[in-house]
Structure formats: C-alpha cells, structure tokens
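K.L.:
Task: produce atomic coordinates for the following.
(chains A and B)
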Amino acid sequence: MMQKAWIAILLGLLAFCGMQGISGAWSGRLLLLPTPSFGLTMFSLSRSLGSWLLRGTVDFAPAGWVWQEFRVEGGAGPLDVEGVALFGPLAPDFLYGQLVLGTELKGVKAEAYLGLLGPGVGGYAPLEPSAGTVLKVEMRLNGMKAGVVAGFGASLPEDGFTIYHVFGLKKTYLVDPKSWGSSLTELVLSLEGLSLYCGLSGDLKLFFSKTSGFERLKAVVDPLFELCCGISFRVEVELGVDYKMVSPKFTWEGLGNCITVWGDLQERNKPIVGIDGLKLHAVKLLCEFAECSYLEIVEAFDATWYNENVEETFELGKDEDEYIALSFCGPGCCGGTYLVKISAFFLTESSLALFGMTRLIVETKVPLMGNFILGLDCGFDILDSEPSLSISWEVGF
Amino acid sequence: MKRLGIKALCLGVLGGLLGLGLSGCISPPAIVNPTLIFTDLVGPVGEQGELKVKVGSMPDGGLAALVVGGWDGTQFLGLRYDPNQFEVTGVEGLNGFEVLAVYIDNGNGEVRFVAVNPHKGLVEGDIARIVGSRLGGGNFAFQVAKGNLELLDAGGNLVTTHELVTGVAPPYYIEGSK
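P.N.:
Take a look at the predicted model:
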C-alpha cells in the first residue's frame, strides 16, 4: 500500500514537472520514537484555468492511502459551480460526490445542491448508495430574509455531512444524501429578521416532510432581553402536530481577552424559569509578551467538554485537566518565523509524578527556505515512561 | 438582453437539475419485508466502536423480544466478530428495550444477548446497541445464522419469516442514520 502511495506522489511530481501553472503543497510527519513509522501525510496539486480552479488532494495514514479528493471551483457567466469527488482506495470505491450550482437574479439567490454517497461508505444503515438534490432559494423582503429549502432525498445539515475514516481522519461536506432523490422528502420555509415589537426581531421556520406533511413550526426570539455581563435570555417556541414546546434559555457568552472563562448557566425550569448558578467548564489565562510569544495556562473543570468544544488538548485516558504552555518565536530564514512551544500537562488528582505532571512536549517549526518549513517535536510521557520524537515538514510550490 | 438570456439559461439549468431529481428515474430502496439488521461497526481505531441492532417492517404490533444466540441444529452460537479487530464490552437496550442477559466471549469473538420490551413492540427502529473497543482498522463481517435468532412480536408469537442483514467493519463510515 505504501508503494502505491509513493508511486502516486511521484506521478504527481512528474505531472508537476511536465505542466506549467501548477501549484501544490506537501505536508507530513515521520515518527522516529517510540516506533519509527509515517504519520499523517497530505499532498495536493492545484491548477488555475481561467476562472476555474482544479485541485487534487491525497491523504495518507500510517496504514496507507486514505482517500483522494478532486475539487473544481469556478464560474460560467453568472453561474457559480463547485464540485467535489472523493474516492477511497481502501474500499476501493467512489465514496462521495457533491455539486453546488448557484446564481443570483434580481436579488433572488438560487442554489442547487446535488449529493451522491457511494457504496463504500458504511454506517448504521445497510450499505447502499444514495443520492439526492436540495434546492435553496433566498431573497430579501423588507429587511427580512425569506428562504425556501426543498430536499429531494437530501438535506443540508447545520453541522455538515461528515465521512470518517477508521484512523481518525474526516471530511465534511454540505449535502446529506439520505435516500434516492426521486421525490420531495422535506421542505423548510424560513423568515429571518422578522420585526416584532419594542425593537425585537425573531426567526420563523416551518418544517414539512414527505412522511408526515406539516411537521413543526419553530419560532426563535434571540435575545428577548439582555441582563448584565453577557447574560442574555432567548425563547424558542416549537409547535408540532401533537405537541407544544416552549424553551426559555439563559445564555452566557463567557469572558474573553486575557482571562477566558467557558461556562454556562445552571438553569431552573420548574416550577419557575430562573438561574440557579454558574457552571464553569474551563478557565484559560493567556499572557502575550509579543506577537507569537505567550504563556498559556488552562484549567479544565470538564476536560471532555474542553476537548470537544475548544481544542483537542487533553488525553482523557490519563485524567489530564490542566496544562501550561510557553511559546516564543523570532525571525527565521527567508522572511519566515521560527516557533518554539513547550507544553506541560498535569492531572489534579494525586499522582506519583512530580506536580502531577503527565506529559512534557517541545514543538519547534523552523523555516529553511521560503516555501519549506521543518518541524521537530519531542516529548516524554511520564506516566508511561515513554519518549516521543517526530519530524514534520510543510512544502509549498 | 444577452445577459438576461444567460441568466435565464442558468435558471433553466437549475430547473433541469431539479426536474432530474423529480423525474422518478431512480427509485428509492425500501424495507418491505420484516427485517432484522446488525449494522456496520462505527468508530475509530483505539476508541469506542459500536453497532446497532435495528428492525424494519416488523408485523403484528412490532418486535417485542429478541434472542441472539441459540441452537441452529449444529451448534450454539450468537453474533460473531473478529476478536483481533473488535472487543465487545456491553449491550445496551434502546427505545424501551431492556437487555436481560448478556454473554460476551472476546477470546473467540462472540456475543449473545436477550433484549425485551415489556411495554410494546417496535415496528421500525433501533432496539439495541453493541458497544466495545475498535482494536484494528481491518475490515471483517459480522456473522450470525438465522437459526441462532429468535424474534417474538408484541403478541408473543415467533416471527419466522424475516430477512437478516449483517454489517461489516468498513474503513469509511458515517455517524447517525442515513
């Protein structure tokens, strides 16, 4: 498998040498300790042809070639076109395809989304290919935004449609092809920025589906009013065929700048709506000395929440919930900037290690040429008594 | 005038694509017969992996009890998997189903369980989740013989004419249901 990967890279380089106007990037990692192996590697080639941009990207995991993505972006007159095709050499098969066509005519924005899911992608449904279309039309009406989204065997999920690979890589696209797109499966009518009273505005959405016709009406007023210190109150009303749901919600945007506090309000819904207290997820202290020189201290009261919502930082299996990082940088070769970051991770529970330290990591990035950055990362896992060392590179051409 | 023509052409293309979607030239697959499904394994290597046990088009008030593991005339077996790739840690009931008994043999790669819903049957949906650790990225197929399964509807009668679908451990997967 690795041989095939290297052949693909060589073919790409040959194509690069033989063709003008091609640019690309190659980034990767070579793990030297504890066991020599390749880490994740990405190679991409791009070429502009008039108003069109063609791009091919290939990702490799230690086990081999993960996937190959082809992307085309451009326009033909007022029509914007964006197409993606994803292939999986491990299946091996076509995995996913997406075509987005958009245009705007007299303030009316119309977009058509086509999605195809190949037979090589598994999940909680039996393996079968699926395809669908979504038509989206938006227009401005007296300061409001009116929209119609019609799904024909497909939808546009808010968080996108993600395809995962077993070695942790993922690709997120716009269209979820739920089933074969032969008939209308869902319809959403929306009105955003609807003027209410006293300067309030809200959003209104009507949901219809093929199976149940009218499904629900959702109205959101956010914020209904604002208290002090970034605390606001929103109301969400949902009316279904056989239910009514009113969701009053206090939200707190947290604190920012030098000290960042992530938290939420502990709400009391019964018997009366109110606030019981504050729920703190994590606190970060960031002291910036210069542009990229800083000291960062993070104390996570909920490390799982921090990993999922802020940044994948802590190793949960080691019960880590605190880290200190010192980063500094300076001018390097060819107009670039060198970067050094020293991070120490801790657990607050009792531990045999000094200060409860679990890991120590030193990361460096040094520009060797204008388009070549070399990285060296070394670390020591105190709990497992295991050193780690890896070399990374980023090449642009 | 020419610009307007191009715009009209673009809208025509969009309309054409919509028409293609509506044309009915591609038909949706549908579950019409009573079906028991053991889905694909979902989850990355080194972390939690899981598969779901689902039913579709179950007759007579829906499925109320499922026994995975039994004598098929030759041997007593449940759902089998590759123990080098997956290690089962538990079985959880879904949609009102309760798991009464579980037998896990990670040495040979086999899990047996009994799940019942004491309140009502389920015509369509998830009845259980088999969770564990995904040890490797290799593909393998889950295996269970029809004769090693027992399905009971809401009236307590055996569902004998059902189809069985078993999943694999694919390298590419989506989370959530399609």
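K.L.:
residues touching the residue positioned nearest the centre of chain B, list them.
P.N.:
With distances taken as CA atoms, centre = their mean, residue B:39 lies nearest the centre of chain B, 3.1 Å away. Contacts here follow CB atoms under 8 Å, 6 or more residues apart in numbering or on different chains; on that basis residue B:39 touches A:123, A:124, A:125, A:126, B:51, B:52, B:53, B:54, B:167. In this view, the C-beta of every residue, glycine as well, is placed from N, C-alpha and C.
K.L.:
Equivalent analysis for residue A:368, please.
P.N.:
By CB under 8 Å, 6+ apart, the contact set of residue A:368 is A:333, A:374.
K.L.:
rerun at 10 Å
P.N.:
Listed by CB atoms under 10 Å, 6 or more residues apart in numbering or on different chains, the contact set of residue A:368 reads A:332, A:333, A:334, A:336, A:374, A:393, A:395.
K.L.:
Angles on the backbone of it, please.
P.N.:
phi -100, psi -30 (degrees, to the nearest 10).
K.L.:
just residue B:116 next, same as before
P.N.:
Note on residue B:116: backbone dihedrals following degrees, to the nearest 10 are phi -130, psi 150.
K.L.:
Number of residues surrounding it?
P.N.:
Using other CB atoms under 10 Å in any protein chain shown, residue B:116 has 18 neighbouring residues.
K.L.:
So the closest residue to it other than its chain neighbours: helix, strand or coil?
P.N.:
Leaving aside its chain neighbours, residue B:116 sits nearest to residue B:65 (4.4 Å; criterion: CB to CB, 6 or more residues apart in numbering or on different chains). Recorded secondary structure, residue B:65: strand (DSSP: H, G, I helix; E, B strand; the rest coil).
K.L.:
mind showing which ranges of chain B have poor pLDDT?
P.N.:
Counting by pLDDT under 70, chain B contains low-confidence residues at B:1-31, B:176-178.
K.L.:
how about the helices in it?
P.N.:
Using DSSP state H, the helices of chain B run over B:2-22.
K.L.:
Am I right that residue A:55 is in a strand?
P.N.:
Yes - Residue A:55: assigned to a strand according to three-state DSSP.
K.L.:
wait, doesn't residue A:332 sit right on residue A:365?
P.N.:
Yes - under the criterion of CB atoms under 10 Å, residue A:332 makes contact with residue A:365 at 8.8 Å.
K.L.:
These two: which has the busier surroundings?
P.N.:
Taking neighbours as other CB under 10 Å, residue A:332 and residue A:365 compare with residue A:365 leading, 20 against 15.
K.L.:
neighbour-wise, which of the contacts of residue B:39 leads?
P.N.:
Among the contacts of residue B:39, residue B:51 has the most neighbours (other CB under 10 Å), with 29 neighbours.
K.L.:
Could you pull up the residues touching that one?
P.N.:
Residue B:51 touches A:122-124, B:37-43, B:79, B:81, B:86, B:88, B:128-132, B:142, B:166-169, counting by CB under 10 Å, 6+ apart.
K.L.:
Check the spacing between the one residue sitting closest to the centre of chain A and residue A:73 real quick.
P.N.:
Nearest residue to the geometric centre of chain A (CA atoms, centre = their mean): residue A:172, 7.4 Å. Distance, residue A:172 to residue A:73, using CB to CB, to the nearest Å: 17 Å.
K.L.:
care to break chain A down by domain?
P.N.:
Per the record, chain A has its domains at A:1-183, A:290-397, by automatic domain parsing.
K.L.:
quick revisit: using JSON lines, lay out the contacts of residue B:39 together with distance to residue A:23.
P.N.:
Shown next, in JSON lines, are the contacts of residue B:39 (distance: CB to CB, whole Å):
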{"residue": "A:123", "distance to residue A:23": "36"}
{"residue": "A:124", "distance to residue A:23": "40"}
{"residue": "A:125", "distance to residue A:23": "40"}
{"residue": "A:126", "distance to residue A:23": "42"}
{"residue": "B:51", "distance to residue A:23": "43"}
{"residue": "B:52", "distance to residue A:23": "45"}
{"residue": "B:53", "distance to residue A:23": "50"}
{"residue": "B:54", "distance to residue A:23": "47"}
{"residue": "B:167", "distance to residue A:23": "42"}
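K.L.:
Farthest pair within these?
P.N.:
Comparing every pair within those by CB to CB identifies A:123 and B:53 as the most remote, at 14.4 Å.
K.L.:
for chain B, what spans make up the strands?
P.N.:
Assigned by DSSP state E, the strands in chain B fall at B:35-38, B:48-56, B:63-68, B:70-71, B:76-77, B:79-80, B:86-93, B:98-105, B:110-116, B:125-134, B:149-153, B:163-166, B:172-173.
K.L.:
which of those sits most buried?
P.N.:
Highest mean neighbour count of these: strand B:172-173, a mean of 26 (counted as mean count of other CB atoms under 10 Å in any protein chain shown).
K.L.:
list the helices and strands that strand packs on?
P.N.:
Counting contacts by 3 or more CB pairs under 10 Å, 6 or more residues apart in numbering or on different chains; DSSP states H and E, strand B:172-173 packs against strand A:93-105, strand A:161-165.
K.L.:
now the first one: how far from the chain's centre is it?
P.N.:
In other words, strand A:93-105. Offset of strand A:93-105 from its chain centre (CA atoms, centre = their mean, to the nearest Å): 19 Å.
K.L.:
Please see if that strand touches chain B.
P.N.:
Yes - Strand A:93-105 reaches chain B (CB under 10 Å from any CB of the partner chain) through A:93, A:95, A:96, A:99, A:101, A:102, A:103, A:104, A:105.
K.L.:
now do the last one
P.N.:
Yes - under the criterion of CB under 10 Å from any CB, chain B is reached by strand A:161-165 at A:161, A:162, A:163, A:164, A:165.
K.L.:
Before we move on, what's the pLDDT of the residue nearest to residue A:28 when sequence neighbours are not counted?
P.N.:
Counting by CB to CB, 6+ apart, the nearest residue to residue A:28 once its immediate chain neighbours are dropped is residue A:41, at 3.5 Å. Note for residue A:41: predicted pLDDT of 91.
K.L.:
my read: residue A:41 touches residue A:57, true?
P.N.:
No - Residue A:41 is beyond contact range of residue A:57, at 11.3 Å (criterion: CB under 10 Å).
K.L.:
Other residues contacting stretch A:26-36?
P.N.:
By CB under 10 Å, 6+ apart, stretch A:26-36 touches A:9, A:12-13, A:37-45, A:58, A:60, A:62, A:372-373, A:375-381, A:384, A:386-397.
K.L.:
go with 7 Å
P.N.:
A:37-43, A:386-395 (CB atoms under 7 Å, 6 or more residues apart in numbering or on different chains).
K.L.:
Stretch A:52-72 too?
P.N.:
Contacts to stretch A:52-72, defined as CB under 7 Å, 6+ apart, come from residues A:1-2, A:4-5, A:8, A:37-47, A:73-74, A:83-89, A:95, A:165, A:167, A:169, B:137.
K.L.:
out of the helices and strands packed on strand B:172-173, deepest packed?
P.N.:
Of the helices and strands packed on strand B:172-173, strand A:161-165 is the most buried (mean count of other CB under 10 Å), at a mean of 21.
K.L.:
Next, the angle from it to strand A:93-105.
P.N.:
Interaxial angle of strand A:161-165 relative to strand A:93-105 (axes from the mean of the first three to the mean of the last three CA atoms, to 10 degrees): 160 degrees.
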